[in-house]
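Q: Build the 3D model from these lines:
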Amino acid sequence: MSGRIVDVAIAGGGPAGAFAALSLARAGAVVALVDPETTRPRLEGLSPRVADLLLRHHLASAFGATTDPLARKVSWGALPGRPNTERLVARDRFDSTLRIEAGYAGVRLLRGRLERLIRHDPYDGVELQLSSGDNVRARVMIDARGRRAPTRAKIRGPQTLAISALLADARDDAPRAEVIATRQGWLWAAHHPALGRWLQISVDADDLAGSGSCALTARMKRFLAQSGLEPIAGADLSALRPLARHAGIALKADRFKPPVMPIGDAAVALDPLSGHGLFWALSSALSALPLTAHLLDDPADQNGLAQRFFQDRVVATFWRQARIGRDFYRLATGFADVPFWRDRAAWPDDRPAHDTVNAARAERRVVVEANRLVERDVLITPLDPDGVAFVCGLPATELLARAQVASPHSVTPSELLPELPPERAKLALGWLRSRGLLDLPSRSIPGITGPDDGDQTNQETRDTA
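A: Numbers count the residues shown, from 1 in each chain. Next up, the predicted model:
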C-alpha cells in the first residue's frame, strides 16, 4: 500500500471515521481508512434515532447481539419519569462491524496510526506517513481521531472523567440499563446476558487521587459506596480493569484548513450525558459527504461554502449540546450545592438551548442539494428555528411564494404544484398551513417576494437551482 493514491484518506476508524469511509465509498470515492483497531471491550447504548439511522443505511449488522430496545430506568431529580429506550451493543464489535462493512464497500483498510503529515496543501493534497511504514497520498483527509486529534480545544466546558469497567458475564441477569444521579456524579449501569455488566461513572476530571489502574479502581469503589447504590455496589469489583477517558464537552475545531477536515469528536467532543455522542459521530460523518465533494471540486474552498457549512453545523451543535447538557444538570435539584453539579448547571450561560423565532423569515444559507453544497434561501419559522430548505423536494421559499400568489384564487394543490404527485402536493401545502403561513401577507415575511413579483421569484429560483 506504500504510496497509495486515493481520493480520501480517513484517520480514525471509530463510528465517525468508519461510517464516513463507508458512505464515501458507496458514493463512488476511492477511500483509505487508517485505524489501529484497539477499541477495548465496553458496552454502548444506541438511542432510537441512531438505530433508525443505521437501518436506513442498511447496517443492521452493526447491532450484533443487541437486545430489543430497553426502557432505561432513570433516577435524576426533577427529570420526568417517562424513560427513554436504548439498545445495548458491544462497542468494540460495533466499530469492527462498521469497518468490515466499509471494506465490503471497497474501502482500503490500513491497520496503524497516522504518525505525521508529510504534505498538506489544498491543491496537492496530503501525504500521510503511517506507523506501519506505509505512505498514503490523498486529495482530501478526514480527521476522525476523536479526542486524540491534535487540535487544541477552542472552548472547553467543565471537564468530566468517565471511569468504566466491564464486569464478569451476567448470564443470569435480564437485559437492563439505568442512569442514576448521585452527589459525586452520575452512573450508567448496563446488563446484558451475552455481553456482561458495564459500570460507568462520570466525575469531575480533577477528582482523582493518584494515577493508574489502582487509583481508578479506588475511585469507582468510593463512588459505589454511596447510599442508594447498594445493589450495584454488591458486584464483584476485585478483578476490575477500569478504563478512563475524558468526557467533557469541547469545541475543538470551529474552522478547518483544507484539505484536512475534522469530524465527530475531532470537531466537537460531547459530554456523554445527553446520549448524543454516537448520533453526532454518525451525522457528522454524513455531513462529510457534501463537504468532501465540494473540496474535490474546489480544493481551496475559494467561494467559502465549505467553511460556512462546517461552521453552521459544528459550532451550532456545540452550543446547543452545551446548553442541553446544562439543562439536564439543572434537573438534579437535590445536588445544587455540590461543585460537580453547580459548575455544570451554570455553564455556559443562561441562554435557551434552542433559538427562539417569533416570526417567519427567509435567510441565505449554505445547504446540501444533490449531495453538493449550494447557497439557497431557507425558510425560518417559530417551529423551525434552524431553517428549512426543502419541503417535499421543493425549495421552501419558492413553495411559499407560489402558494401566496395563488391564495386569492381557487387553485387545487395539484394545479399549484403540478410537478408533485397529488398526495405530496397536499402534504406540501399542509406543511405551510401547519406553520400558519398560508394566510399571512407575503410582504410580512422578510425575504419572500410578494404576489406582484411572483414570476420574477420563480425565475430567480430556477436560475439558482
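Q: What ranges in the stretch 351-465 of the chain fall below the confidence cut-off?
A: 407-410, 440-444, 446-465 (pLDDT under 70).
Q: The same query, at a cut-off of 80, please.
A: 405-411, 438-465 (pLDDT under 80).
Q: for the chain, same thing?
A: 1-4, 64-68, 78-83, 167-174, 194, 209-212, 230-241, 273-275, 405-411, 438-465.
Q: From the centroid of it, which residue is nearest?
A: The centre of the chain sits closest to Trp280, judged by C-alpha atoms, centre = their mean, with a distance of 0.9 Å.
Q: Skipping adjacent residues, who's closest to that residue in space?
A: Using C-beta to C-beta, 6 or more residues apart in numbering and skipping the chain neighbours, the partner closest in space to Trp280 is Leu270 (5.8 Å). Using the backbone N, CA and C atoms, a C-beta is placed for each residue, glycine as well.
Q: Can you report how many residues lie near that neighbour?
A: Leu270 sits with 26 neighbouring residues when counted by other C-beta atoms under 10 Å.
Q: before we move on, what about Ala144?
A: Ala144, neighbours per other C-beta under 10 Å, totals 32.
Q: For it, which residues are in contact?
A: Contacts were defined as C-beta atoms under 8 Å, 6 or more residues apart in numbering; by that measure Ala144 touches 10-14, 16-17, 20, 262-264, 266, 285.
Q: And those, which two are furthest apart?
A: Pairwise distances across the contacts of Ala144 (C-beta to C-beta) peak at 15.1 Å, for the pair Gly13 and Pro262.
Q: Would you mind checking which of the contacts of Ala144 is nearest to Gln226?
A: Checking the contacts of Ala144 one by one against Gln226 (C-beta to C-beta), the nearest turns out to be Gly14, at 32.1 Å.
Q: Could you give the number of residues near that closest one?
A: 23.
Q: Need the phi and psi values for it.
A: phi -70, psi -170 (degrees, to the nearest 10).
Q: if I look at it, how far off is Ala425?
A: Note on Gly14: its distance to Ala425, by C-beta to C-beta, to the nearest Å, is 43 Å.
Q: In stretch 240-247, which residues are buried?
A: 240, 242-244, 247 (16 or more other C-beta atoms under 10 Å).
Q: Need the residues that contact that stretch.
A: By C-beta under 8 Å, 6+ apart, stretch 240-247 touches 40, 42, 147, 159-167, 202, 205, 213, 216-217, 220, 269, 271-272.
Q: Go again with 6 Å.
A: If you take C-beta atoms under 6 Å, 6 or more residues apart in numbering as the criterion, stretch 240-247 is touched by 40, 147, 160, 162-165, 216-217, 272.
Q: do stretch 319-335 as well
A: Here stretch 319-335 makes contact (C-beta under 6 Å, 6+ apart) with 76-79, 157, 181, 183, 249, 270-271, 273-274, 276, 341, 344-345, 348, 353.
Q: Can I have the buried ones of these as a PyMOL selection?
A: Those of those that count as buried under 16+ other C-beta under 10 Å are selected in PyMOL with:
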select buried, resi 76+77+157+181+249+270+271+273+274+276+341+344+345
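Q: Sitting in helices, which of the contacts of stretch 319-335 do you find?
A: 341, 344-345 (DSSP state H).
Q: Check those against Pro36 and report the nearest one.
A: Arg344 (32.5 Å).
Q: Give the closest residue to the closest one in space, chain neighbours not counted.
A: Tyr329 (4.1 Å).
Q: Over to that neighbour: give its phi and psi.
A: phi -60, psi -30.
Q: That one: neighbour count?
A: For Tyr329, using other C-beta under 10 Å, the count is 25.
Q: Quick check: nearest residue in space to Ile201, chain neighbours excluded?
A: Phe223 (4.7 Å).
Q: ok, the one you found to Ala162 distance?
A: 12 Å.
Q: who's more crowded, those two?
A: Set side by side, Phe223 and Ala162 show more neighbours around Phe223, with 23 against 20, by other C-beta under 10 Å.
Q: host element of the more buried one?
A: Secondary structure assignment for Phe223, by DSSP states H and E: helix 213-224.
Q: how far is the helix or strand just after that helix from where the chain is centred?
A: Downstream of helix 213-224, the first helix or strand assigned by DSSP H and E is helix 230-233. Put simply, helix 230-233 sits 33 Å off its chain's centre (C-alpha atoms, centre = their mean, to the nearest Å).
Q: which parts of helix 230-233 are buried?
A: Ile232.
Q: Mind listing residues that contact that helix?
A: Helix 230-233 is contacted from outside by 189, 224, using C-beta under 6 Å, 6+ apart.
Q: After that helix, heading C-terminal, what element do we hit next?
A: Of the helices and strands lying after helix 230-233 in sequence (DSSP H and E), the nearest is strand 243-246.
Q: circling back: could you turn the buried ones of the contacts of Ala144 into a ChimeraX selection?
A: Selection of buried members from these for ChimeraX, criterion 16+ other C-beta under 10 Å:
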select :10,11,12,13,14,16,17,20,262,263,264,266,285
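Q: From Thr292, how far out is the closest residue to Ile5 other than its chain neighbours?
A: Once flanking residues are discounted, Ile5 sits nearest to Arg137: 4.8 Å by C-beta to C-beta, 6+ apart. Going from Arg137 to Thr292 by C-beta to C-beta gives 16 Å.
Q: Same drill for those two, tell me which one is more crowded.
A: Thr292 (27 against 17).
Q: residues in contact with that one?
A: Applying C-beta under 6 Å, 6+ apart, the residues contacting Thr292 are 8, 140.
Q: Buried residues of the strand or helix carrying it, list them for me.
A: For Thr292, the element it lies in under DSSP H and E is helix 277-297. Using 16+ other C-beta under 10 Å as the test for burial, helix 277-297 gives 277-295.
Q: what do you get for stretch 393-407?
A: Neighbour-count burial for stretch 393-407 [16+ other C-beta under 10 Å]: 394-406.
Q: ok, the residues you listed vs Leu437, which is closest?
A: Leu400 (5.8 Å).
Q: what's next to the host helix or strand of Ile100, contact-wise?
A: Using DSSP H and E, the element containing Ile100 is helix 91-104. For helix 91-104, contacts defined as C-beta under 6 Å, 6+ apart pick out 13-14, 18-19, 21-22, 33, 39, 41-42, 44, 61-62, 64, 109.
Q: try stretch 367-381
A: 289-290, 293-294, 305, 309, 357, 360-366, 387-389, 396-397, 435.
Q: Quick one: buried ones out of those residues?
A: When the contacts of stretch 367-381 are checked against 16+ other C-beta under 10 Å, the ones flagged as buried are 289-290, 293-294, 305, 309, 360-362, 365-366, 387-389, 396-397, 435.
Q: Next step: the contacts of stretch 367-381 restricted to strands.
A: 361-366, 387-388 (DSSP state E).
Q: In those, find the pair that's most separated.
A: Arg361 and Val366 (17.3 Å).
Q: quick one on the thing from earlier: so which of the contacts of stretch 319-335 are in strands?
A: Per DSSP E, those map to strands at Ala181.
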